[in-house]
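Undergrad: next input, structure requested:
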Amino acid sequence: MTEPATGGAAIGYRIVLPPGWARIPLRSGTDAAVAAVLGAISAGLPAEATEQIGAELRRAVTAATNSNGIDLYLPVTTPLGPVIAGSFVVAQVAFGATEPLDPALLLAGLAADPGVQRVIVDGTFCSRAESTAPADPARGGAMPSRRVDYVLPVPDDPDRWVVVTFSALRAHDPTDDPSTVWVELFDAIMGTFRWTRTTKL
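TA: Just a heads-up that it's a prediction; the model follows:
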């Protein structure tokens, strides 16, 4: 993969995925990507199971799109075992501020929460928050879920931010909870996050 230029305005990002993970773009080419992922996941499964997986995948795509998502990432096959019930979404947020926002002040405010850490991604300070949501059977969630959010300021554009959100099912038994391993994997993935930029003149 070509290294991004180190100067100029950020025009996108790149990230290194582990083997077996797939990207679903949410602004164009979504249907084709969903079909490809569904074909890989459901190979050899009964039709009923395939329909259920397809419905869950489409719900995830819709939720990510409605949250200003740019891309949805999920494991199709992994070297760590079966596909997990987890994924992460890269979304873009614009505050619409009339005055430029100071990223340092906003991140400092976020970091005032005891559940939030200041971390460095691609040489820039951002915030990392971790939380657990209880099971919600009414929405089809029979197990609690674990969530990690990274909030990154877009370089040279104080009104634009990128939020990367990971979520995975959490086992009821804390002594047998695979979500800890998957959170560590997600943090490692975020360690590969790099902005792509225009060439600085």
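
Undergrad: flag every buried residue along the lengthiest helix in the chain.
TA: Longest helix in the chain, counting residues (DSSP state H): helix 47-66. Under the neighbour-count criterion of 16 or more other C-beta atoms under 10 Å, helix 47-66 has 50, 53, 54, 57, 60, 61, 64, 65 buried. C-beta here means a position set from N, CA and C on the backbone, and glycine is covered the same way.

Undergrad: what does stretch 192-201 give?
TA: Residues of stretch 192-201 classed as buried under the neighbour-count rule (16+ other C-beta under 10 Å) are 193, 194, 195, 197.

Undergrad: among those, which are in helices?
TA: Using DSSP H, none of these sit in helices.

Undergrad: export the residues you listed to CSV and tack on distance to residue 22 and pLDDT?
TA: Listed next are these as CSV, based on distance: C-beta to C-beta, whole Å; pLDDT from 0 to 100:
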residue, distance to residue 22, pLDDT
193, 17, 97
194, 20, 95
195, 22, 94
197, 26, 82
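
Undergrad: and which of these is nearest residue 158?
TA: Of all those, residue 195 has the smallest distance to residue 158: 14.8 Å, by C-beta to C-beta.

Undergrad: so who does the closest one touch?
TA: Counting by C-beta atoms under 8 Å, 6 or more residues apart in numbering, residue 195 touches 4, 10, 12, 13, 122, 154, 155.

Undergrad: over to residue 155?
TA: 9, 10, 124, 195, 197.

Undergrad: show me what counts as buried in the helix or strand bottoming out on mean pLDDT in the chain.
TA: None of the helices or strands of the chain scores lower by mean pLDDT, DSSP states H and E than helix 103-111, at a mean of 78. By 16+ other C-beta under 10 Å, the buried positions in helix 103-111 come out as 103, 106, 107, 110, 111.

Undergrad: closest one of the residues you listed to residue 38?
TA: Comparing these against residue 38 with C-beta to C-beta places residue 110 closest, at 36.3 Å.

Undergrad: so that closest one sits against residue 117, correct?
TA: No - counting by C-beta atoms under 8 Å, residue 117 is not a contact partner of residue 110; they are 9.6 Å apart.

Undergrad: quick revisit: would you turn the buried residues of helix 103-111 into a markdown table with distance to residue 150?
TA: Shown next, in a markdown table, are those (distance: C-beta to C-beta, whole Å):
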| residue | distance to residue 150 |
| --- | --- |
| 103 | 14 |
| 106 | 14 |
| 107 | 11 |
| 110 | 11 |
| 111 | 13 |
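
Undergrad: picking that back up, can you say which of the contacts of residue 195 are buried?
TA: Neighbour-count burial (16+ other C-beta under 10 Å) applied to those gives 4, 10, 13, 122, 154, 155.

Undergrad: which ones are touching the closest residue to the fourth one other than its chain neighbours?
TA: Same thing as residue 122. Sequence neighbours aside, residue 194 is the residue nearest to residue 122 in space, at 5.1 Å (criterion: C-beta to C-beta, 6 or more residues apart in numbering). By C-beta under 8 Å, 6+ apart, residue 194 lies in contact with 4, 13, 14, 15, 122.
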